[in-house]
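1. Fold the following.
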Amino acid sequence: MATARTAVRVLRLGRLHFVLAGLLLFSWGALLAVLAGAEAAWGRFALGYLVLFPAHLSVSYSNDYFDAEADAYGTPTLFTGGSGILQAEPALRPLARAIALGLIGLSLVMGIVFAWRYGGGVGFVGLVLVGNLLGWFYAAPPLRLSYRGLGEAATAAMVGFLLPALGFLVMAGALEGPFLLVAPALLLYGASFIVAVQIPDVEADRLAGKNTLVGRRGRPWAFSALGLLPSLATVYLLVAGWFLREVLALPLWPVGLLSVSVAVAGIVGAVRRPTQRTAATRLVNAFLIALVLFVLAADAYWLLAL
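-> You can find the predicted model right below:
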C-alpha cells in the first residue's frame, strides 16, 4: 500500500494536465504545417511528440523540486503553486530531481533519434536542448529565471513559441512563413498564460523572494493585462488570416473568432480586478480553462482539412 501511495504521489508531481496542454500546442504547430502544405506524416508527429513529452513533463518535477520552499508559503490551485506533494512528503525531493534529469536525458536522446530518422541535424537537436535548458533553469540555480525577473520571458517563449514551433518543425522540416506570421499571436497567449498563473501566488512569491512581474505590479494590473493581451492576439489572428487566405487549406479567421472566448474571459477579469486571492483564483481558473479550450477547438477545426 505504501508503495502504491508513493507511486500515485510521484505521478501527481507530474501535473499531467499541463502535459495535455503541451500536446495541444504541439498539435497546433503540426496541423498548421499540414495546412500550409506539409505531408500529414503521423509517424513524424508521433516520434516528434516523444521528443517533447519527456521534456515538458520534466518541468513539473524540476519546478516542484526547486520551488519546494517557495511553494510552502502558499496553497496549490488547479494551475498554480506546485503540486503540494513535496511539502507533504519531503523525502520524495531527491526522486523528483532524478526523474526531471532522466526525462531531460530521454528528450535529448529522442531528439537525436528524430534528427537521424527524419533530418534536422544539429539545428533540431539544438532547439530541443534550448527548450530543456529553459525548463530546467526556470527555477534551478544558478540562473533561477523566475527569481530574477526573467520567468515571464522564458515562459512566453516556451509556451507561446517553442511548443508549437516544435510541432511545425517536426512536420514541415523548417520554420516557414505561415508559422512565423502566426507566432506573434502565440507569444501573446504565452504572455497571458504566465501573467495568469502568477496572480494566485502573489503573496507566496513575495514571501519567497521571487521577482515576478505580477508580484511587482499587483493583481489589478495583472487582470488589466489579461484584458489586453488575448484581445490583441484575437485581432492579430483575424488580420493574419487575410494574409494567409491563399496559403492555408482552411481560412484562419475562424480561429480568430474562437479566440474571442479567451478575450472575453480576460476582459471579465479586467473589469472585476479582484485583489483577494480566492476571487482572483476563480477568475484565473476560468481564463486558463478558456485558453485551453480555445487551443483544443482550433486543433479540432484544423483537423477538418485532413
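2. Now do the residue nearest in space to the middle of the chain, the pLDDT please.
-> Most central in the chain under CA atoms, centre = their mean is Val159, positioned 3.4 Å from the mean C-alpha point. Turning to Val159, the model gives it a pLDDT of 94.
3. try Thr3
-> According to the per-residue confidence, Thr3 scores 80 in pLDDT.
4. what number of residues lie near it?
-> Neighbourhood size, Thr3 [other CB atoms under 10 Å]: 7. The C-beta positions use only the backbone N, C-alpha and C, and glycine is treated the same way.
5. Spell out the secondary structure type for it.
-> Here Thr3 is recorded as helix under DSSP: H, G, I helix; E, B strand; the rest coil.
6. circling back to that earlier point, so the residue nearest to the centre of the chain sits right up against Tyr189, yeah?
-> Yes: between Val159 and Tyr189 there is a contact at 7.4 Å, judged by CB atoms under 8 Å.
7. Can you name every helix or strand that the lowest-mean-pLDDT helix or strand in the chain contacts?
-> Lowest by mean pLDDT, DSSP states H and E among the helices and strands of the chain is helix 2-13, with a mean of 83. Contacts defined by 3 or more CB pairs under 8 Å, 6 or more residues apart in numbering; DSSP states H and E place helix 2-13 against helix 42-66, helix 85-88, helix 93-118.
8. Surely Leu303 is in contact with Leu31?
-> Yes: if you go by CB under 8 Å, Leu303 and Leu31 touch, sitting 6.8 Å apart.
9. So those two - more neighbours on which side?
-> When Leu303 and Leu31 are compared for neighbours, Leu31 comes out ahead with 26 against 12, by other CB under 10 Å.
10. Assign the residue nearest to that one when sequence neighbours are not counted to helix, strand or coil.
-> Distances taken as CB to CB, 6 or more residues apart in numbering put Trp302 closest to Leu31, at 4.1 Å, once the chain neighbours are dropped. Secondary structure, three-state DSSP: Trp302 is helix.
11. Next, the contact list for Trp302, please.
-> Contacts here follow CB atoms under 8 Å, 6 or more residues apart in numbering; on that basis Trp302 touches Trp28, Leu31, Leu32, Val34, Leu35, Leu250, Val255.
12. quick one: it from Leu258, how far?
-> 11 Å (CB to CB, to the nearest Å).
13. Can you check which residues contact both of those two?
-> Common neighbours of Trp302 and Leu258 (criterion: CB under 8 Å, 6+ apart): none identified.
14. Does the residue nearest to Leu78 when sequence neighbours are not counted lie in a helix or a strand, and which?
-> Distances taken as CB to CB, 6+ apart place Asn285 nearest to Leu78, at 5.4 Å, with adjacent residues excluded. Taking DSSP states H and E as the definition, Asn285 sits inside helix 277-303.
15. What is the distance between that helix and the centre of its chain?
-> Helix 277-303 has its C-alpha centroid displaced from the chain centroid by 12 Å (CA atoms, centre = their mean, to the nearest Å).
16. now stretch 132-147
-> Centre-to-centre, stretch 132-147 and its host chain are 15 Å apart (CA atoms, centre = their mean).
17. So what touches it?
-> Outside stretch 132-147, the residues that touch it by CB under 8 Å, 6+ apart are 55-56, 58-59, 62-63, 65-67, 100, 104, 107-108, 150-151, 153-155, 157-158, 162, 209-212.
18. which among those end up buried?
-> 55-56, 58-59, 62-63, 65-67, 100, 104, 107-108, 151, 154-155, 157-158, 162, 210-212 (16 or more other CB atoms under 10 Å).
19. what about Ala96, how many neighbours?
-> When neighbours are defined as other CB under 10 Å, Ala96 has 24 of them.
20. ignore the last one, Leu16
-> The burial count for Leu16: 12, using other CB under 10 Å.
21. That one: what's it in contact with?
-> Leu57.
22. if we can go back for a sec, these two touch, right, the residue nearest to Leu78 and His17?
-> No: Asn285 is not in contact with His17 according to CB under 8 Å; the separation is 11.7 Å.
23. which residues do the two both contact?
-> With contacts defined as CB under 8 Å, 6+ apart, the residues shared by Asn285 and His17 are Leu78.
24. These two: who's more crowded?
-> Remark: of Asn285 and His17, Asn285 carries more neighbours, 16 against 13, as counted by other CB under 10 Å.
25. ok and the least confident helix or strand of the chain relative to helix 93-118, angle-wise?
-> Relative orientation of helix 2-13 and helix 93-118, computed by axes from the mean of the first three to the mean of the last three CA atoms, to 10 degrees: 60 degrees.
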